[in-house]
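Chemist: what's the 3D shape of this:
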Amino acid sequence: GKVKWVRDSTFIRRDQNGVITHYQGIVEDITDSRETELALQRSEERFRELADNIREVFWLFDWEKQKVLYVSPAYEEVWGRSISDLHERYEEWGNSIHPDDAQYAETSFNKILETGGGEDREYRIVRPDGAVRWILDRGFAIRGKDGEVKRVAGIAEDITGKKQAEDLLKASESNYRALF
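Modeler: Coordinates of the predicted model:
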């Protein structure tokens, strides 16, 4: 048969002299809620396995509260900054943007609200150690039942190696044309 989960509460009943006269109890079938809780736990474990082992940065932003709700562990590796600082101060993201790309990054982020998102956004960040990294970022607007944007979800990846390879190829092609 099927295993049942129950919550059992027992109360001791005494007479006026303090002598136990009987026990009174309630037994409640909590199988459905316990199974839902276990399923949620398994789902969270699978999400953690995914988020903890993928090199891309997953993020979720509360548009109404202007607050980062979640960012995956890869953020610390790519940005070189702490997740807790980002949760406490959303400005950490803006402060990390290369000054030449700051206006584009802000404008393109706000454009997600109009278009619904999905477009590639490329910008540079400056890590605390001074290293400049290229980021490819895609955000997606999440709307409530009223049609208003509630959250923005996204995925960002470090494409610095790809950008460097493109620059080398362009330089090589330019040198080749100069020779011939």
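
Chemist: only C-alpha atoms for contact and neighbour calcs from this point on.
Modeler: Noted.

Chemist: quick one: residue 64 is in a strand?
Modeler: No: Residue 64 is assigned coil when assessed by DSSP: H, G, I helix; E, B strand; the rest coil, not a strand.

Chemist: now the helices: where do they sit in this protein?
Modeler: Shown for the chain, the helices assigned by DSSP state H span residues 31-53, 74-79, 83-88, 91-96, 102-115, 160-179.

Chemist: what's the single longest strand in the protein?
Modeler: strand 132-143 (DSSP state E).

Chemist: circling back: just send the helices of the chain back as CSV, with mean pLDDT, mean neighbour count and distance to residue 137 too.
Modeler: As requested, the helices of the chain are exported to CSV (pLDDT from 0 to 100; neighbours: other CA atoms under 10 Å; distance: least, CA to CA, whole Å):
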stretch, mean pLDDT, mean neighbour count, distance to residue 137
helix 31-53, 78, 12, 16
helix 74-79, 94, 18, 12
helix 83-88, 89, 14, 17
helix 91-96, 88, 15, 13
helix 102-115, 92, 15, 10
helix 160-179, 78, 11, 13
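
Chemist: In TSV, list the ones you listed along with distance to residue 63.
Modeler: Formatted as TSV, these follow (distance: least, CA to CA, whole Å):
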stretch	distance to residue 63
helix 31-53	22
helix 74-79	20
helix 83-88	14
helix 91-96	14
helix 102-115	9
helix 160-179	28
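
Chemist: between those helices, which one is nearest to residue 19?
Modeler: Residue 19 lies closest to helix 31-53 among the helices of the chain, at 35.6 Å (CA to CA).

Chemist: now the end-to-end length of stretch 114-124.
Modeler: Length of stretch 114-124, first residue to last, CA to CA, to the nearest Å: 23 Å.

Chemist: Pull up the distance across stretch 81-92, start to finish.
Modeler: 8 Å.

Chemist: Need the residues that contact it.
Modeler: Applying CA atoms under 8 Å, 6 or more residues apart in numbering, the contact partners of stretch 81-92 are 66-71, 73, 75-76, 93, 127-128.

Chemist: Stretch 56-70 too?
Modeler: 51, 71-75, 86-87, 89-90, 149-158.

Chemist: Relative to residue 32, how far out is residue 95?
Modeler: Counting by CA to CA, the gap from residue 95 to residue 32 is 47 Å.

Chemist: Stretch 164-173: how far from the chain's middle?
Modeler: Distance, stretch centre to chain centre, for stretch 164-173: 34 Å (CA atoms, centre = their mean, to the nearest Å).

Chemist: Need the residues that contact that stretch.
Modeler: Outside stretch 164-173, no residue is within contact range by CA under 8 Å, 6+ apart.

Chemist: Swap in 10 Å and give it another go.
Modeler: Outside stretch 164-173, the residues within contact range by CA atoms under 10 Å, 6 or more residues apart in numbering are 134, 160-163, 174-179.

Chemist: now for the residues you listed, which pair is the farthest apart?
Modeler: 134 and 179 (31.0 Å).
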